[in-house]
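S.K.: can't give you the sequence, but here's the structure:
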């Protein structure tokens, strides 16, 4: 019997391939994909041909490589429309990237974890690199604490208990009992953001801030990640910049403006 954590191999590979395309943003050959994930070459060829037959990949015979089609982008367009437009989100992230040159993260809740659904990599020589699709425990990450903040204390307690049952104590950093998690959540509730320092990756921090509640109730969090030595010097400045940028790109955009933008 499959466990709760199990993923059908083929299904998992489909999404790994699509996430890899998003990371590299260039056509890929069957061999590129096979070598990246250590998949058998023959089964990789069958899989990408099937994805192409379904219309989600296109094949360039000149390059002998595949690339995603517009169908992939359209799969999730309704999610953005029910919360914020993709243009609003991307403009916010690009603005923060240009202003800080640090790694910019968009995170959502996925069960008891925060998942990075969009990432703009740092432009600095010494940088914090993280891939889209990365997951961090809600109870043990800056983006996670920001996602927990709007939720009831009783809900957070259940998530913490579920995290412990799924990951065990070894799956969480030390000194992150429920009381410790609530201290971090309280920071988000009082100051509007939280700063995690080396919680998951030594030497790396994330300043995380919730976006305003969407009409659909979807929760999104924006994060600025980088080396602790840099973020320690700019924490307050980053938080102010994030607040101003969210107000500019998200808060002031009403549902009517969004509808007008999509029909223009």
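M.R.: That came in fine, so what should we check first? All values reported here derive from a predicted model rather than from experimental measurement. Numbering: from 1, shown residues only.
S.K.: please make it C-alpha for all contacts and neighbour counts, starting now.
M.R.: Fine.
S.K.: would you map the helices across this protein?
M.R.: Per DSSP state H, the chain carries helices over the ranges 9-24, 30-37, 41-53, 70-75, 77-82, 86-100, 142-148, 153-167, 178-191, 228-246, 255-263.
S.K.: quick one, what contacts the closest residue to residue 27 other than its chain neighbours?
M.R.: Among residues not flanking residue 27 along the chain, residue 67 sits closest, at 4.7 Å (Cα to Cα, 6 or more residues apart in numbering). Contacts for residue 67 were tallied using Cα atoms under 8 Å, 6 or more residues apart in numbering; they are 21, 26-28, 57-59.
S.K.: kindly state the beta-bridge partners for residue 67.
M.R.: Bridge pairing for residue 67 (DSSP bridges) gives the partners residue 58.
S.K.: right, and residue 157 touches residue 177 too?
M.R.: No. Residue 157 is beyond contact range of residue 177, at 10.1 Å (criterion: Cα atoms under 8 Å).
S.K.: picking that back up, could I get the helices of the chain as JSON lines with mean pLDDT, mean neighbour count and distance to residue 135?
M.R.: Listed next are the helices of the chain as JSON lines, based on pLDDT from 0 to 100; neighbours: other Cα atoms under 10 Å; distance: least, Cα to Cα, whole Å:
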{"stretch": "helix 9-24", "mean pLDDT": "89", "mean neighbour count": "14", "distance to residue 135": "13"}
{"stretch": "helix 30-37", "mean pLDDT": "95", "mean neighbour count": "16", "distance to residue 135": "18"}
{"stretch": "helix 41-53", "mean pLDDT": "93", "mean neighbour count": "16", "distance to residue 135": "25"}
{"stretch": "helix 70-75", "mean pLDDT": "72", "mean neighbour count": "11", "distance to residue 135": "21"}
{"stretch": "helix 77-82", "mean pLDDT": "54", "mean neighbour count": "14", "distance to residue 135": "19"}
{"stretch": "helix 86-100", "mean pLDDT": "90", "mean neighbour count": "17", "distance to residue 135": "19"}
{"stretch": "helix 142-148", "mean pLDDT": "97", "mean neighbour count": "31", "distance to residue 135": "10"}
{"stretch": "helix 153-167", "mean pLDDT": "92", "mean neighbour count": "15", "distance to residue 135": "13"}
{"stretch": "helix 178-191", "mean pLDDT": "97", "mean neighbour count": "17", "distance to residue 135": "17"}
{"stretch": "helix 228-246", "mean pLDDT": "96", "mean neighbour count": "16", "distance to residue 135": "20"}
{"stretch": "helix 255-263", "mean pLDDT": "43", "mean neighbour count": "11", "distance to residue 135": "30"}
